[in-house]
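In: The following block contains a protein sequence and its predicted model.
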Amino acid sequence: MCAFIQCENLVKIYKIADIEVFALQGLDLTVERGECTAIIGASGSGKTTLMNILGGLDRPSAGRVIVGGQDLLRMSNRQLDRYRRDMVGFVWQQVSRNLLPYMTAEENVQMPMLLSGARARRERARELLARVGLDHRRSHRLSQLSGGEQQRVAIAVALANNPQLLLADEPTGELDTQTARAIFALFRELAEQDKITVLIVSHDARIAEEVGRVVAIRDGRTSSEIVRQARSAESIEAALVGMAERAEAAEHELVEMAVVDAAGRLQLPRELREKKGIGRRAIIEETEHGLLIRPIDDKKDVR
C-alpha cells in the first residue's frame with residue numbers, strides 16, 4: 001500500500017540576488033494516511049518550505065512529491081489551485097491568516113464552501129462548529145472569542161471542504177498550555193476518527209508528547225524521528241514512581257532514531273558529533289550487534 005505523502009530527494013532552491021540558497025537538500029519523507037505527525041526544526045531548517053510545497057503554495061526545484069496519489073511536480077497552475085481548495089486545509093499561527101474579523105464564526109466557516117460552490121453551507125458550518133465544541137458561539141465575531149476559540153474556528157474553516165490533508169503551522173504558538181493540549185487532542189481525533197492526515201510544523205521538540213511521530217529536519221534533510229513506543233513492565237514500574245497520576249504517560253516512552261535516506265546518508269546531530277569528537281570523517285565498523293561509528297583524527301592520514 002502506498003503512503004499518503006511521499007517525498008523523494010526533494011530539493012528547493014531560492015535565488016536571492018545572485019546567490020542560490022538551498023532550503024531543501026534532498027529531503028525524503030513518508031507519511032501514512034491518517035497519521036498525526038509533527039515536523040520540527042530550527043529556523044531556516046526547511047520545515048516551512050516543506051509545508052508550502054505539500055500545500056501547493058510553492059513548487060520544488062527537483063525531486064518527487066506525491067500526495068494522495070497526485071504528483072504535485074506535474075500539476076498545472078489550475079490543477080494546483082484545485083488541489084489547494086479541495087485536498088488541503090490550512091491552520092496558521094496568526095489568526096489574521098485564518099479568519100476574517102468582521103464575520104461571525106459561522107460565516108467564516110462558510111467562506112471556503114462559498115468559494116468552492118458547495119451547497120448546504122449553513123448546515124455544514126454548524127456541524128463543524130459543533131465538532132470543535134463551538135456550536136454555542138457560532139454567532140460571535142472574533143473579538144468576542146478567546147485565542148483558543150479562534151483557533152478552533154480556524155480548524156473548522158480548514159475542514160470546510162473535507163480535506164484529506166490538514167497542515168498546521170505553529171497552531172498553538174500563541175496559546176496557553178492547557179488550551180494547546182486541547183487543540184492537539186482535536187488534531188489526534190481528526191486523524192484517528194476521520195483518517196485525515198495531519199502535519200504540524202513546530203520548532204518545539206516537546207510536541208513529541210502530543211503526536212504519534214515527530215520528524216526532525218536539519219539543513220534541508222530529514223535527520224531523525226521521534227516515535228512513541230510501549231515501555232516494558234519493569235520500565236513502567238520505574239516510571240510510575242512519584243507520578244501515579246500520569247500512569248497513561250508512563251506506559252510509553254519517546255525514542256529518537258536517526259533517519260537513513262534513499263542514498264544511504266545518515267545525519268548525526270552536531271552536539272553528538274562534537275561530544276564524540278567526530279569531524280569530517282569517521283570509520284564505520286560492522287560488529288555482531290550492528291554498526292559502530294568511530295571517530296578518527298582528521299589531521300592524520302588513514303592508511
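Out: Yep, that arrived.
In: hey, let's count contacts and neighbours off CA atoms from now on
Out: Fine.
In: Residue ranges in this protein under the pLDDT threshold?
Out: For the chain, the stretches with pLDDT under 70 are 1-2, 229-252, 262, 298-303.
In: just the helices in it please.
Out: Here the chain has its helices, by DSSP state H, at 47-54, 77-86, 95-98, 105-116, 121-131, 147-158, 177-194, 233-240, 247-250, 270-276.
In: what comes up buried for the fourth one?
Out: Meaning helix 105-116. Buried residues in helix 105-116, counted by 16 or more other Cα atoms under 10 Å: 105-113.
In: Show me what that helix is packed against.
Out: Secondary structure elements in contact with helix 105-116, counted by 3 or more Cα pairs under 8 Å, 6 or more residues apart in numbering; DSSP states H and E, are helix 121-131, helix 147-158.
In: hmm, try it at 10 Å
Out: On a contact count with 3 or more Cα pairs under 10 Å, 6 or more residues apart in numbering; DSSP states H and E, helix 105-116 meets helix 77-86, helix 121-131, helix 147-158.
In: Let me know which of these is tucked in deepest.
Out: helix 147-158 (a mean of 24; mean count of other Cα atoms under 10 Å).
In: related to what we said a few turns ago, between the helices and strands packed on helix 105-116, which one is closest to residue 42.
Out: Residue 42 lies closest to helix 147-158 among these, at 23.8 Å (Cα to Cα).
In: What is that closest one packed up against?
Out: strand 88-92, helix 95-98, helix 105-116, helix 121-131, strand 165-169, helix 177-194.
In: and the angle for the longest one with helix 121-131?
Out: It refers to helix 177-194. Orientation note: helix 177-194 sits at an angle of 120 degrees relative to helix 121-131 (axes from the mean of the first three to the mean of the last three Cα atoms, to 10 degrees).
In: do the same with the first one
Out: Computed with the same axes, to 10 degrees, the direction of strand 88-92 lies at 60 degrees from that of helix 121-131.
In: Residues touching strand 88-92, excluding its own?
Out: Contact with strand 88-92 is made by 51, 54-56, 82, 84, 97-99, 112, 151-173, 196-201, as judged by Cα atoms under 10 Å, 6 or more residues apart in numbering.
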